[in-house]
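In: sharing a model prediction with you, sequence too.
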Amino acid sequence: PHALVFLEHRGGSLDSGSLSAVTAASQLGGQVTGLIVGNESEVPAAIEAAKKVKGLNAIVHCTSPQYTASLPETVSPLFEKILSGSTQYSHVVSAHSSSARSILPRVAARLDVPAVSDITSLEHDASASTTTFTRPIYAGNAIATVRSPSSVPIKFFTIRSTAFSAALCEEGTSVEATSIDPTEVADPPSEHVKTSLTKSDRPELGVATRVVSGGRALKNAETFESTLYPLADLLGAAVGASRAAVDAGYADNSLQVGQTGKIVAPELYMALGISGAIQHLAGMKDSKLIVAVNKDPDAPIFQVADVGLVGDLYQVVPEMIEKLKQ
Amino acid sequence: MRPSAVRLLNILVPVKRAVDYAVKIRVNPQQTGIDLNVKHSMNPFDEIAVEEAVRLRERMKDAVKSIKVVTIGPAKSAETLRTALAMGADGGIHVEIPESAPAPEPLGVAKTLRAIVEREKEKANVDIVILGKQAIDDDMGQTGQMLAGLLNWPQATYASKVVIDEANRVAHVTREIDGGAEEVKCKLPVIITTDLRLNEPRYASLPNIMKAKKKPIEKLSPSDLGVDLTPILETLKVTEPPKRVGGGKVENVDELITKLKEAGIEAVKS
């Protein structure tokens, strides 16, 4: 097998989800080539970063002002060119990120092949040319094992980043980086207007090793911040929120953990004032240690918590902060 | 003086009947799937898509000429179409498959929808296809992007705000992306997929439910459209996720801190 991994980058550094995608691609047992697409101010740094990634055998890169925003309408034709005809690639892999999962299915459809989303494990049978994946369905309440048959010449899949460790980076490896010509789209049908990223000094929710999350019991945006942030900072944790807290306006959309938000699997997940709706559990139940504080002893969150404390979070959290400092 | 005639918009909303989001699903003993003998309803993201189409018409009045909903599924999926019609869609298309047929895959669904878009052309061009970002049963999240690829139309996935400028035939869409939001401008015709916060779907009123019973539903088969919905991927089995053994309780904060320390978790700064 020969996998093409879509390496996403921001400001010249590679997304950690893409490093997990390299790990997944390596498990196919063959060659792994990384693809870097972007404009001229980002691509050189991304190439340097990619050269250090263990598990990559080659890098191909493509630079054009048109690729600044990585729009599916402009990037897809490039993928199609790389993958059409007698291509060497048997698999196309990416993180299940908002950008890659917008692009890959579009390309797959144009090549008339199915795609498999958000996989958590894989096994490739080289002699039969089949790849078998597991992936959560029904918000993780069931696990499907699916096989992509040999009749599918190029197997597209996106990976759940929390299920694969990030590929290691090391100095001194030097893989060949090859430039390819862009496929310019004349008169693109879509245009990027602006991106607004939520700024935070805390670790990024999707990759943080510790997460402190709050729910509806946090009352409002002020108490959400004043209660959770000191604890999160003390633990070096990212801040998360339940859908209820996001819908009530206590926390930003980008902090939502759950079926429709971020899927996280940190070392520590602390659920404060979160009842544990099934949609929330779907987003965090693979965490290593789950700590829950809730006033309601019957809250479903306690069924998945390793350490549950029934109590008022407005007393528990300050006490916890004080005692953790000691 | 009236401005030059703006072509009126036709909106197509694909909807899927899925196991209701509140149902606690169970894997069947044969491990071939889940017990489907439970409450079903419209995929919540598709409900948001229907709502958005109806709101576009409420905002843009006569500029929206038609809202058509389409579903692919067994006989019972007609109920899902009726729900959408009661919310305000004008007519429906039901691509019926046997109850025993395996669930179609996104690629097959996208090909079917392409065939419908092509077929509608004979009457009126579809300008906007708006659909859920994913179905909460298979969680694939591919259909919109695949349809956009097949039609070679622009796509705006994970929409949290949609504004249509009908005079310039452009859609301004705010999208939810990892870590924030992005704004894109797409020429019509366009594919839009909905995210959670685009709107809150309405409940259909009783008079509208009654009215919906009289709205037309056209029945088609996959072969009428020249499409094959046989899945390509083979589902080998469906299993329960590994059970998490939770339920551990502590009495007070001291015990909680001890547990954290046992797990090697301490403050990073004081």
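Out: Okay, I see it. Every value quoted in this text rests on a predicted model; they were computed, and no experiment measured them.

In: what pLDDT is listed against the closest residue to A:Arg135 other than its chain neighbours?
Out: Distances taken as Cβ to Cβ, 6 or more residues apart in numbering or on different chains place A:Ile119 nearest to A:Arg135, at 4.7 Å, with adjacent residues excluded. Using the backbone N, CA and C atoms, a C-beta is placed for each residue, glycine as well. As predicted, A:Ile119 sits at a pLDDT of 97.

In: hey, what's A:Ile119 bridged with?
Out: On the basis of DSSP bridges, A:Ile119 is bridged to A:Ile159.

In: same question, the one 5 residues further on
Out: Counting by DSSP bridges, A:His124 forms beta bridges with A:Thr131.

In: I figured it was touching A:Thr131, is that so?
Out: Yes - in this structure A:His124 lies within contact range of A:Thr131 using Cβ atoms under 8 Å: 4.7 Å.

In: can you name the residues of the stretch 201-326 of chain A sitting close to chain B?
Out: Contact residues (Cβ under 8 Å from any Cβ of the partner chain) of the stretch 201-326 of chain A with chain B: A:204, A:206, A:210, A:233-236, A:243, A:247, A:253-254, A:259-260, A:267-268, A:278-279, A:285, A:288-291, A:302-311, A:316, A:319-320, A:323-325.

In: looking at the residues you listed, which are in helices?
Out: Assigned to helices by DSSP state H, the following of these qualify: A:233-235, A:243, A:247, A:278-279, A:302-304, A:316, A:319-320, A:323-325.

In: pick out the most distant pair among these.
Out: A:Ile278 and A:Lys325 (35.6 Å; Cβ to Cβ).

In: who are the contact partners of the nearest residue to B:Ile34 once chain neighbours are set aside?
Out: Among residues not flanking B:Ile34 along the chain, B:Ile25 sits closest, at 4.8 Å (Cβ to Cβ, 6+ apart). By Cβ atoms under 8 Å, 6 or more residues apart in numbering or on different chains, B:Ile25 lies in contact with A:138, A:141-142, B:19, B:34-35, B:38.

In: now these: which count as buried?
Out: Neighbour-count burial (16 or more other Cβ atoms under 10 Å in any protein chain shown) is assigned, among these, to A:138, A:141-142, B:19, B:34.

In: out of these, show me where the pLDDT dips lowest.
Out: Scoring those by pLDDT puts A:Asn141 last, at 89.

In: the closest residue to that residue other than its chain neighbours: which element?
Out: Once flanking residues are discounted, A:Asn141 sits nearest to B:Ile25: 5.2 Å by Cβ to Cβ, 6+ apart. For B:Ile25, there is no enclosing helix or strand under DSSP states H and E.

In: give me the pLDDT for B:Ile25.
Out: pLDDT recorded at B:Ile25 is 91.

In: which residues are in contact with residue 58?
Out: Reading this off chain A. Neighbouring residues of A:Ala58 by Cβ under 8 Å, 6+ apart: A:31-34, A:175-178.

In: go again using 7 Å as the cut-off
Out: For A:Ala58, the contact set (Cβ atoms under 7 Å, 6 or more residues apart in numbering or on different chains) comprises A:33, A:175-176.

In: can I get those in TSV with pLDDT?
Out: Converted to TSV, the contacts of A:Ala58 look like this (pLDDT from 0 to 100):
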residue	pLDDT
A:Thr33	98
A:Val175	90
A:Glu176	92
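
In: circling back to that earlier point, report the buried members of the ones in helices among the residues of the stretch 201-326 of chain A next to chain B.
Out: Buried among those by 16+ other Cβ under 10 Å: A:233-235, A:243, A:247, A:278-279, A:302-304, A:316, A:320, A:324.

In: ok, those vs B:Leu107, which is closest?
Out: For these, the residue nearest B:Leu107 by Cβ to Cβ is A:Gln279; the value is 27.1 Å.

In: pull up the per-residue confidence for that closest one.
Out: With respect to pLDDT, A:Gln279 has a value of 85.

In: I'd say it and A:Gln256 touch.
Out: No - counting by Cβ atoms under 7 Å, A:Gln279 stays clear of A:Gln256, with 10.0 Å between them.

In: hey, what's in contact with both of these two?
Out: With Cβ under 7 Å, 6+ apart as the test, A:Gln279 and A:Gln256 both reach A:Arg243.

In: let's see which of the contacts of A:Ala58 end up in strands.
Out: Among the contacts of A:Ala58, the members falling in strands (DSSP state E) are A:33, A:176.

In: neighbour-wise, give me the winner out of the contacts of A:Ala58.
Out: Of all these, A:Thr33 has the most neighbours under the rule other Cβ atoms under 10 Å in any protein chain shown, reaching 21 neighbours.

In: contact partners for it?
Out: Applying Cβ under 7 Å, 6+ apart, one finds that A:Thr33 lies in contact with A:2, A:4, A:57-60.

In: quick check, nearest of the buried ones among the ones in helices among the residues of the stretch 201-326 of chain A next to chain B to B:Asp224?
Out: A:Gln279 (37.4 Å).

In: list the contacts for the residue nearest to that closest one when sequence neighbours are not counted?
Out: Among residues not flanking A:Gln279 along the chain, A:Gln259 sits closest, at 4.3 Å (Cβ to Cβ, 6+ apart). Neighbouring residues of A:Gln259 by Cβ under 7 Å, 6+ apart: A:139, A:279, A:282-283.

In: quick one: pLDDT of A:Gln259?
Out: Value listed for A:Gln259 in the pLDDT field: 80.

In: cool, the one 10 residues further on as well?
Out: On the pLDDT scale, A:Tyr269 is placed at 97.

In: these two touch, right, it and A:Asp286?
Out: No - contact between A:Tyr269 and A:Asp286 fails when scored by Cβ under 7 Å: they sit 9.3 Å apart.

In: and the helix or strand that B:Ile93 is a member of, what's buried?
Out: Per DSSP H and E: B:Ile93 is located in strand B:91-96. Neighbour-count burial for strand B:91-96, counted by 16+ other Cβ under 10 Å, picks out B:91-96.

In: ok now the helix or strand just after that strand, how far from the chain's centre?
Out: Going down the chain from strand B:91-96, the next helix or strand is helix B:106-120, by DSSP H and E. Taking Cα atoms, centre = their mean, to the nearest Å, one finds the center of helix B:106-120 at 15 Å from the center of the full chain.

In: can you give me how far whichever helix or strand comes after helix B:106-120 is from the chain middle?
Out: Using DSSP H and E, the helix or strand that follows helix B:106-120 in sequence is strand B:128-132. In terms of Cα atoms, centre = their mean, the centre of strand B:128-132 is set 8 Å apart from its chain centre.
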